[in-house]
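Novice: Sequence first, predicted coordinates after that:
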Amino acid sequence: METGDLLMMVARELRRGIGTAMARWEITPGQARALRVLCAAGSLRLSALADELRIAPRSATEVVDALQGRGLVTREPDPADRRATSVVPTSEGRRVSALLDTARTAQAEQLLARLAPPDRAELDRILRLIIDE
């Protein structure tokens, strides 16, 4: 098995565990990612959110509609342009996002717990080399 295959297998295992954890909150991975981006930004126009997520604006609309339906985000007039709309996380959205972050971290830690600390440090170093290129 090649390195790329191994990386994909690890990523799939991590996504599967995270997806299972997210199911408790009845939120999809795409919705969780959008919520995380919105909580980090504070608010974004729909087009900016779509750009951040690298998805089509129509898909971003569907994600925001679902999040809004659950009370996790609201649409508000953009302070810089009252004709535009910004998507803003609600306090419940921030709370759920924090819970999801905790669950995501726990899943990653569970998967990586198989590694001895020096191996984990080496993996982190190697992955940073790949990402920083």
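Specialist: That came through fine. Numbers count the residues shown, from 1 in each chain.

Novice: Only C-alpha atoms from now on, for both contacts and neighbour counts.
Specialist: Fine.

Novice: Could you list the buried residues of the single longest strand found in the chain?
Specialist: When the chain is parsed with DSSP state E, its longest strand is strand 81-89. Under the neighbour-count criterion of 16 or more other C-alpha atoms under 10 Å, strand 81-89 has 85-89 buried.

Novice: Need the pLDDT of the closest residue to residue 19 other than its chain neighbours.
Specialist: The shortest distance from residue 19 to any non-neighbouring residue, by C-alpha to C-alpha, 6 or more residues apart in numbering, is to residue 29 (6.4 Å). Reading off the confidence values, residue 29 has pLDDT 88.

Novice: correct me, but residue 29 touches residue 22?
Specialist: Yes. Between residue 29 and residue 22 there is a contact under C-alpha atoms under 8 Å: 7.2 Å.

Novice: When the two are compared, which one has more neighbours?
Specialist: residue 22 (19 against 16; other C-alpha atoms under 10 Å).

Novice: Just the pLDDT at residue 20, thanks.
Specialist: pLDDT, residue 20: 86.

Novice: whoops, residue 133 was the one
Specialist: Note for residue 133: predicted pLDDT of 61.

Novice: And residue 82, by the same measure?
Specialist: Reported pLDDT for residue 82: 79.
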